[in-house]
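Visitor: The following block contains a protein sequence and its predicted model.
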Amino acid sequence: AQSSVTMFGVVDAGISYYSVKSRSFGLTPPREVTQSQKVLSSSGYNSSRFGFRGTEDLGGGLAASFWLEAPVANDSGASGIANFGRRSTVSLSGPFGEIRLGRDYTASFWNDAVFDPFGVNGVGTNLIAVVNSNLAASRALATGGLLGGGLSAGTDSYLRTSNAVSYFLPSGLAGFYGQVQYALHENVDVSTALAGTSERGRYMGGRLGWTDGKADVALGYGESTLVSTLPGGEKIKSLNIGGSYDFGVAKVLGEWSRVRDVRDGTAALPIRLTDRYDGLVAGVNVPVGPGVIRASLARVNFKNGNGLPDSDASVNKLALGYVHHLSKRTALYASVARIRVRNGHNNPTVMGVTPLVLSLPAILPQPAYVSTGGMEPRSSYGYDFGLRHAF
Amino acid sequence: AQSSVTMFGVVDAGISYYSVKSRSFGLTPPREVTQSQKVLSSSGYNSSRFGFRGTEDLGGGLAASFWLEAPVANDSGASGIANFGRRSTVSLSGPFGEIRLGRDYTASFWNDAVFDPFGVNGVGTNLIAVVNSNLAASRALATGGLLGGGLSAGTDSYLRTSNAVSYFLPSGLAGFYGQVQYALHENVDVSTALAGTSERGRYMGGRLGWTDGKADVALGYGESTLVSTLPGGEKIKSLNIGGSYDFGVAKVLGEWSRVRDVRDGTAALPIRLTDRYDGLVAGVNVPVGPGVIRASLARVNFKNGNGLPDSDASVNKLALGYVHHLSKRTALYASVARIRVRNGHNNPTVMGVTPLVLSLPAILPQPAYVSTGGMEPRSSYGYDFGLRHAF
Amino acid sequence: AQSSVTMFGVVDAGISYYSVKSRSFGLTPPREVTQSQKVLSSSGYNSSRFGFRGTEDLGGGLAASFWLEAPVANDSGASGIANFGRRSTVSLSGPFGEIRLGRDYTASFWNDAVFDPFGVNGVGTNLIAVVNSNLAASRALATGGLLGGGLSAGTDSYLRTSNAVSYFLPSGLAGFYGQVQYALHENVDVSTALAGTSERGRYMGGRLGWTDGKADVALGYGESTLVSTLPGGEKIKSLNIGGSYDFGVAKVLGEWSRVRDVRDGTAALPIRLTDRYDGLVAGVNVPVGPGVIRASLARVNFKNGNGLPDSDASVNKLALGYVHHLSKRTALYASVARIRVRNGHNNPTVMGVTPLVLSLPAILPQPAYVSTGGMEPRSSYGYDFGLRHAF
C-alpha cells in the first residue's frame, strides 16, 4: 500500500504588492484612480500544491500510474486538498506511449508556461497566459458560466480541462515529443431536441515538440467549444509556437501565439466575428552563482473582429526577477513587473491585465482596473518577494 | 509518526454511455423520448477513493486503529479529500471484538454489495441498491432534506450513516461474523416542546453471517428513522439475506431483499401505509485465465401501500461484464447493462432506475427518465469500459 | 519526495451530552427551558486533525520547513482535508530564530490553551477561550462577517489568523521563548476613497515566556482590528499571563486574562465605549498510575463599557476529568463540567457560554441558551467520554 504512493508538493509564500492605475478618456479635466494592495501571497515563484502519485510496473514494458494534485492556498489555509483541480489522472503506458484519463493541462497551454522565464506564477506571469485566461473566463461567463466547475480559477478549457482522454508519444523518438487530447463535453442528447446536442465544454488539441537538450521547440494547437447550438456558436482557437536555447551563460526563450475567439453571430445578425489576440514574448535566464536572473518582454495585440477603426487595443509587459537557490528544493525570490495598456477602453475585461491574475479579478481577489464611467485601464505595477519550499 | 499511517486508494476511469427511454402511456399517438450521454466516468469497476489508516498494538491483544477514507472524483478533479464521507472511524479492538465510532457503511447495506458480481459500481450496479438509494434519497428530501449533509450522494442512512457506534464480533467464532450498529440522531431535546424530540437521522441495524471460505451467507436488518414526531412518522425498514458459493470453476451469488417504507399518515388521515420493495438478484463470476466474466439478473417489485389495483411497478435488469486483471492492482474492464421498467408511471422517482445512479439523478448528473406530461420510464441501457488502478 | 513528508494526526471520538438551562427574569410566574443533546462528538480530548509537515536541512544551521494541518470532523466525515485551517505555514529558521509565513495560532491565544488542564477541548474547555471566541465571532459578524472565511469556526483573529508573518526567538536563550506576529489585512487601497483604507482583519501580537522545565510562565498581548474607517472604529485587545509549576505529585496551572472590546462610537454618538472581560483560571493535573486526574475552576467577569448600574455579568465554571493512557498515542477519557451565569441577560451572546462551544452556537451546532422573550442564560452541564488516538 503505502510504498506505492509518493507525496509531493510546494509551499510558496511571500509579500506581494499590486498597484493598478485607471484613467479617464475623453474627459476634461482628466481623472485618475490608483488601487493598490499589499498581501501575504502564495505561489509567487511556483504554484503551492499538494499531490500524491505512484507507478506500478506491470511487466513487458507496461506500467499503470496515477497522479492526484491539489492546489493549496497556504497564505490563508482556505483550501487544503479540497479538489484535485491541478491534475487527477490514471494512465496506462508502454512502448506505444501513454494513454491518460482525467483532468490535466491542455495540450495548447504548455508553451505559454514553458517558454517564459516566469512561467505562469507571480507578477512576472506570462502575458499571453493572462490574456488567454481572461478571455477563457470572461467568454465562459458570458455564455453560461465557468467551465469545469470553476476549478483552477475559471481557466477551463484554456489552462486545464476535465474529462480528457490524452495520448502521449513515447520517449526515444529522436527527441520528438507530443500529445493529442480530447475532452468530452458530457452533455445530454435529447432525441426530441431540435437545436441538437450542446458540445459546450469540449476541447480538442495537440502539441508536437523536439529537443536535443540545448534547443527546444514546440507547436501547440487547441479548440475549446463554448456554444455549438445555433444561433450563436462560439469557439476559442489557440495556436502557439515556442522555443528556447541554452547557451550556458544564458538561456533565451521566446513564444509567438495567436488566439481567435470565433463567434457565429446571432439569429438577427448571423455574421461571423473573429477577435484575434496576437502575442509575442522574449525572455532570458542568466545563472549567477547559486541564483538566476530572469527577464522578459511581452506584447499582446487585440484585433477587434468588428473591423471598426480604433477598436483595437494592446498591452506591453516588462518583468525582472532574481531567484536565489538555498538548495534544490528551497529558494528565495524577488520579482517586479510593469504593464502598460493602450486603448484599454476597448475590451477591458480581457486586455486590462493586472500584474498577477490568471483569470478575472472577480475570481482571484486583486485590484482590477476601473472600466466604468469613462475610465480605462492604463498601467499596473507589482512586486513579489518570498520563499519557495518544495517537498 | 509517518510509519503509523498507510495511504491507500483507487483511481478508476473509463468511457461510459448511458441511454434512457421514456414513453407515453394512454396517449394516442404514443410518444417516446430517448436521452443519452457519453462521459469520462469514474468508479466503473471500483469506487475511486483516497484513504489513510493505521493500527497501534496496545499489548494484551488490544489495538487502537483509525480509518479515514474520501471519495475522489478523478474524471474532473472536482472533489479531492474534501470529506471522509466513505468512512471516518476510530476503533478499539481486542479479544472481545471491536468498538467502532464514526461514519461507516450501515450494517444492512453490506449484502447488497457483497452478494452481487457487480457490487455497487458502474452500469451493472446491484439493482436492489439502486432502488434502495433512490428511496432513501427521495424520502429524505420529501421529509426535510438529505441526511448526513448529502455525503455519499444522499444515500444516508441506506448506504452509510454518520455518528454511529458499532460493535463487531471478533474473528475465530467458527466462521460466524457480524455487527450491531446504532447511529445517534443528535437532535436537540427542548423541555417545553410538545411534539417530543425528533429522532430523524437515527439508524439501528445488525448483520450476522457465516463462512467457511467457500460458502458465505449473511442476514442483515436495519431501521432508518425519517420522522418520529407526530403526525406523519416515517421509517424505512430493510431486511435482506445473501449468499455465495465458490465452485472453483464459477462462483454463484444471490440475494433476497425486502424494504418497507412505513408511513404513519397525516393528522387528517391517520392511516399507516407501507410501501414494499421486494428484490431478488442472481449472479455468477466465471474466472477465465487472468480475467473474470460477470453476469447478473435482478428484479425488484414495488407493492404500493395504498392497495389500489394497478398501482404497483417492477424493474428487471440484466448485466454482463468482463474484467481483465493486468496485475492484482490494475485491471481493464467492460460492462453492459439493460433495464426494463413495467408500470413506471407508478412511483417513477424510485422505480425509474437508470443504468448507474446510486441516488436521485438530480444529485448525480446522468440522464433521468421523463416522468411528466404523461410520460413514464420504460427502459435504459449503458456500458462502461475503463481502467482501474489501486494503490 | 516522500521521505521529506511526515503525516500526523488525531482521531478522537466519544459520546457527549450537553444540557443548557435558560430562565425568565422579572416575570411572574418564572419560566424555565432546558435544552439537551446527546451526540457522537469529536475532539473531546484532543482536536481531530490530519497534517503533513517536513523540514529540510539547508546547512550552516539554516533549515526550511512546512506545516499543513487540517481539522477533521470524524464523527460525520463531513470535513476531510478540505482546508488547512489549523495551520498552513512555510518557515526559514536558523541561529537567528524562525521566520514563519501563513496561517497559524495567534501569539495572544497560546496562554488560554497551555495553562489550562483541559486546554480548549471538550466540555472542560478553558472558560476564557470560550468567552474570547464568542466575542471574536459575534463582533466579526456584527461588523461585516466572519474573518478568515469562517475557518476555525469563526474564531479569527482570536484563536488563529491568516496572512501572518511571524518571528520566533531561537532556543537556547536561557529558557526564554517568544514570538511577534503581524497579519496583513490585505484590503485594497483606493486613491480616491475619503474614508481611508480599511484595516479590518489586521492582527498584531506578541508573546514572551520563560521555562526551566518545572516552572513555566508567559505573557501574551494582541490587537485585532475589526473597523478602522470612521466612524465606528473597533478593536479587540487581549492581554494575558499564565503559568504552571510541576511539583511531580501534581502540576498546578493558572491564567489571568483581560480582553477589551474598544469601540469608537457612531457618527451620532462619538463616544468611546470599552467593554472589559476579566478572566481567571486555576487548575491542576494529578498523575495516577497510567492516568491523570484533571480539575479546573474558572471565572470571567463582564464589565459593560456603558457604565450603567447592573449592566455587567459573570460566568463561573467547574470542570473535572480523568484521562487513562493506554499508550502514548491512545487514551480513554471522561470529563464533566458545570457552568453558572449571573445576570446573563446582559450580553448573552458572549457571556452565555455553553459547555463546549468555541464560538457562537450558530456556527458549531449545540444547544444555545434562549435569550429572547424575557429569558436569560442560567446554567449548563455536559460530559464527554471517548477515545483519542494519535498517529
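Guide: In hand now; what should we look at?
Visitor: Show me what residue A:21 is bridged to.
Guide: Taking DSSP bridges, one finds residue A:34, residue A:379 as the beta-bridge partners of residue A:21.
Visitor: My guess is it contacts residue A:379. True?
Guide: Yes. Under the criterion of C-beta atoms under 8 Å, residue A:21 makes contact with residue A:379 at 4.8 Å. Using the backbone N, CA and C atoms, a C-beta is placed for each residue, glycine as well.
Visitor: what about whichever helix in chain A runs longest, distance to the chain center?
Guide: Longest helix of chain A, by residue count under DSSP state H: helix A:127-142. Offset of helix A:127-142 from its chain centre (C-alpha atoms, centre = their mean, to the nearest Å): 9 Å.
Visitor: Helices of chain A, start to end?
Guide: Counting by DSSP H, chain A has helices at residues A:110-114, A:127-142, A:151-154, A:348-351.
Visitor: out of these, which comes closest to chain C?
Guide: helix A:151-154 (14.4 Å; C-beta to the nearest C-beta).
Visitor: so what does that closest one touch, helix or strand wise?
Guide: Packing partners of helix A:151-154 (3 or more C-beta pairs under 8 Å, 6 or more residues apart in numbering or on different chains; DSSP states H and E): helix A:127-142, strand A:160-168.
Visitor: rerun at 7 Å
Guide: Contacting helix A:151-154 under the criterion 3 or more C-beta pairs under 7 Å, 6 or more residues apart in numbering or on different chains; DSSP states H and E is no other helix or strand.
Visitor: quick one: buried residues of it?
Guide: A:151-154 (16 or more other C-beta atoms under 10 Å in any protein chain shown).
Visitor: Can I get these in a markdown table including pLDDT?
Guide: Formatted as a markdown table, the buried residues of helix A:151-154 follow (pLDDT from 0 to 100):
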| residue | pLDDT |
| --- | --- |
| A:151 | 90 |
| A:152 | 88 |
| A:153 | 86 |
| A:154 | 90 |
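Visitor: circling back to that earlier point, looking at residue A:21 and residue A:379, which is more packed in?
Guide: Between residue A:21 and residue A:379, counting by other C-beta atoms under 10 Å in any protein chain shown, residue A:21 is the more crowded of the two (21 against 18).
Visitor: looking at it, the more buried one is touching residue A:378, isn't it?
Guide: Yes. Contact criterion C-beta atoms under 7 Å: residue A:21 and residue A:378 qualify, at 4.8 Å.
Visitor: Using CSV, write down the CA coordinates of the helix or strand of chain A with the lowest mean pLDDT.
Guide: When each helix and strand of chain A is scored by mean pLDDT, DSSP states H and E, helix A:151-154 comes last, with a mean of 88. The C-alpha coordinates for helix A:151-154 follow below in CSV (Å, rounded to 0.1, in the frame of the first residue of the first chain):
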residue,chain,number,x,y,z
LEU,A,151,-11.7,24.8,-10.8
SER,A,152,-8.3,26.4,-11.5
ALA,A,153,-9.9,29.8,-11.0
GLY,A,154,-12.1,29.5,-14.1
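Visitor: what distance separates that helix from the centre of its chain?
Guide: 10 Å.
Visitor: pretty sure residue A:231 contacts residue A:269?
Guide: No. Residue A:231 is not in contact with residue A:269 according to C-beta under 7 Å; the separation is 9.2 Å.
Visitor: These two: which is more packed in?
Guide: Neighbours were counted for residue A:231 and for residue A:269 using other C-beta under 10 Å; residue A:231 has more, 13 against 8.
Visitor: ok, that one - contacts?
Guide: Taking C-beta atoms under 7 Å, 6 or more residues apart in numbering or on different chains, we find residue A:231 in contact with A:264-267, A:270.
Visitor: same question, residue A:314
Guide: Going by C-beta under 7 Å, 6+ apart, the list of residues near residue A:314 reads A:299-302, A:342.
Visitor: From those residues, pick the one nearest chain B.
Guide: Nearest to chain B among the contacts of residue A:314: residue A:300, at 28.9 Å, using C-beta to the nearest C-beta.
Visitor: interface residues of the stretch 51-200 of chain A facing chain B?
Guide: Proximity of the stretch 51-200 of chain A to chain B (C-beta under 7 Å from any C-beta of the partner chain) is limited to residues A:52, A:54, A:56, A:58, A:62, A:64, A:66, A:68, A:70, A:81-85, A:88, A:90, A:92, A:101-103, A:148-149, A:151, A:162-163, A:165, A:184, A:186, A:188-192.
Visitor: Quick one: neighbours of the residue nearest to residue A:362 when sequence neighbours are not counted, just the number.
Guide: Computed as C-beta to C-beta, 6 or more residues apart in numbering or on different chains, the closest residue to residue A:362 that is not its neighbour in sequence is residue A:368, at 7.5 Å. Other residues near residue A:368 come to 21 when the count uses other C-beta under 10 Å.
Visitor: Isn't residue A:368 up against residue A:354?
Guide: Yes. Applying C-beta under 7 Å, one finds residue A:368 in contact with residue A:354, separated by 6.3 Å.
Visitor: quick one: low-confidence ranges for chain A?
Guide: Along chain A, the parts satisfying pLDDT under 70 run over A:1-3.
Visitor: So for residue A:375, what's the nearest residue that isn't a sequence neighbour?
Guide: Once flanking residues are discounted, residue A:375 sits nearest to residue A:22: 4.6 Å by C-beta to C-beta, 6+ apart.
Visitor: same question but for residue A:131, I mixed them up
Guide: Excluding the flanking residues, the one nearest residue A:131 by C-beta to C-beta, 6+ apart is residue A:300, at 4.8 Å.
Visitor: Okay, the closest residue to residue A:103 other than its chain neighbours and chain C: tell me how far apart.
Guide: Residue nearest to residue A:103 in three dimensions, not counting chain neighbours: residue B:77, with 3.9 Å by C-beta to C-beta, 6+ apart. Going from residue B:77 to chain C by C-beta to the nearest C-beta, to the nearest Å gives 14 Å.
Visitor: I figured residue B:77 hits residue A:164, correct?
Guide: No. At 10.6 Å, residue B:77 does not count as touching residue A:164 under the criterion of C-beta under 7 Å.
Visitor: Between those two, which has more neighbouring residues?
Guide: Regarding residue B:77 and residue A:164, a neighbour count based on other C-beta under 10 Å identifies residue B:77 as having more, with 29 against 26.
Visitor: Could I get the full set of strands for the stretch 1-150 of chain A?
Guide: Secondary structure of the stretch 1-150 of chain A, counting by DSSP state E, counting those that start in this stretch: strands at A:6-24, A:32-42, A:49-59, A:62-71, A:87-94, A:97-105.
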